[in-house]
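1. need a 3D model of the sequence below.
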Amino acid sequence: MNFITVLVAILCFGIIIMIHEAGHFFVAKKCGIRVLEFSIGMGPAIISKQRGETKYSLRLLPIGGYCAMDGEDEESSDPRAFRKQAVWKRILVTVAGATMNLILGFVLIVIVTCMDSAITSTIIADFPTNENGVSLSSSGQKLEKDDRFVSINGLHIYTANDITYALKNDDCDTYTVVVERNGELVTLNDVEFRNTETGSMLDFYVYGLHKSFGNVAAYTCKNFVTVARLIWISFFDLIRGKYGFHDLSGVVGIISTTTDYVAAEVSLHDKAMILFDLMSFITINVGIFNLIPLPALDGGRLVFLLVEAIRRKPVPAQIEGMVHFVGLAVLMLLMIAITFQDITKLVHK
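-> Numbers count the residues shown, from 1 in each chain. Reported below is the predicted structural model:
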């Protein structure tokens with residue numbers, strides 16, 4: 001495992017965390033809230049500097065960060081304390097971190113799209129054949145050239161990544177496919193995807209579209225939806241038991257996977273592309289995960305704020321603080337367990 005690649009992966013993960021906490025920090029400052037500490041990382045401080053009313057810290061473990069505000073989980077007499085502010089201000093501060101992650105993800109998708117040689121479409125360009133011109137495509141028996149994928153097994157297709165996910169995620173031999181053909185929607189049942197020579201399920205080629213402002217903008221929006229939806233689908237699959245604890249990865253696993261993918265590319269251009277692509281997925285994941293309404297997460301705090309807005313009366317600080325404390329303790333235990341699992345996998349590999 002290349003040491004420089006590992007450092008780059010850690011740096012990129014740190015940037016994602018920094019962007020998240022910076023969202024909370026700057027919106028809190030704009031709202032007049034006293035910020036006690038802005039920290040990147042957890043655990044013992046490597047660097048710590050007090051500037052004005054705020055302490056800025058870089059900590060040892062790159063597994064998170066925090067923006068500590070006065071009166072966030074306890075009562076405070078300071079008029080600039082978090083809980084002294086209007087509900088709408090606190091909501092803005094709470095969602096700012098996740099919003100910055102989502103914006104970063106969108107920007108990274110734009111960069112990756114612009115770096116690629118062409119924009120991958122969802123329109124079939126051709127099917128593979130052998131040297132004698134005999135088709136090697138099973139799906140070619142029902143699909144036709146210039147068909148545009150609309151859905152596969154009910155999953156709406158926005159990008160080519162959706163096609164790959166739909167084919168590999170569903171445990172079945174044949175698929176129900178809806179395509180747009182000659183301006184009409186056509187439903188094809190029992191479609192088999194298999195290259196009879198290689199065994200690959202991607203037994204067709206799609207067109208590459210030229211890069212223009214409109215194409216880049218449209219593809220970026222579609223790919224953003226694709227990534228966000230994939231994260232939600234994976235989350236609900238985890239709840240339903242499709243994935244188990246052993247399928248989860250923490251910071252160590254994410255950095256290891258990122259390093260492997262980047263190292264597999266030869267050119268610096270391709271390394272940068274795969275790195276930015278993975279960063280976009282991770283930062284969107286962080287943004288969405290933080291909005292899940294669980295204690296200690298931004299989504300959990302948002303629930304308390306919405307309850308306060310409806311009741312016009314805040315939940316007592318001690319109760320809310322205890323709920324978040326318990327949630328944070330459970331989350332930290334889960335992170336420790338996942339990290340141990342990541343290290344075990346890394347050692348075995």
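
2. for residue 62, which three-state class applies?
-> Per DSSP: H, G, I helix; E, B strand; the rest coil, the local secondary structure of residue 62 is strand.

3. could you say which helix or strand holds residue 295?
-> Under DSSP states H and E, no helix or strand contains residue 295.

4. residue 268 versus that one, what's the distance?
-> Distance, residue 295 to residue 268, by CB to CB, to the nearest Å: 43 Å. Just so you know, the C-beta spots here come from the backbone N, C-alpha and C atoms, and that holds for glycine as well.

5. tell me which of these two has more neighbours.
-> Shown here are residue 295 and residue 268; by other CB atoms under 10 Å, residue 295 has more neighbours (20 against 8).

6. who touches the closest residue to that one other than its chain neighbours in this structure?
-> Spatial nearest neighbour of residue 295, chain neighbours left out: residue 327 (2.5 Å); criterion: CB to CB, 6 or more residues apart in numbering. Counting by CB atoms under 8 Å, 6 or more residues apart in numbering, residue 327 touches 294-297, 300.

7. which residues of the protein fall in strands?
-> In the chain, the strands defined using DSSP state E lie at 35-51, 54-69, 119-126, 148-152, 155-156, 175-181, 184-191, 205-209.

8. these: which one's closest to residue 318?
-> strand 54-69 (17.1 Å; CB to CB).

9. contacts for that closest one?
-> 10, 13-14, 17-18, 20-21, 24-25, 28, 33-50, 81-82, 93, 97, 250-251, 335, 339.

10. buried among the residues you listed? Need that as a selection in ChimeraX.
-> Buried residues among the contacts of strand 54-69 (16 or more other CB atoms under 10 Å), as a ChimeraX selection:
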select :13,17,18,20,21,24,25,28,33,34,35,37,38,39,40,41,42,81,82,93,97,250,251,335,339
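
11. can you count the residues close to residue 194?
-> Count around residue 194 with other CB under 10 Å applied: 16.

12. oh, that last question was meant for residue 77, not what I typed.
-> 8.

13. check residue 247 too.
-> 11.

14. contact partners for it?
-> residue 238.

15. how much space between residue 308 and residue 97?
-> 19 Å.
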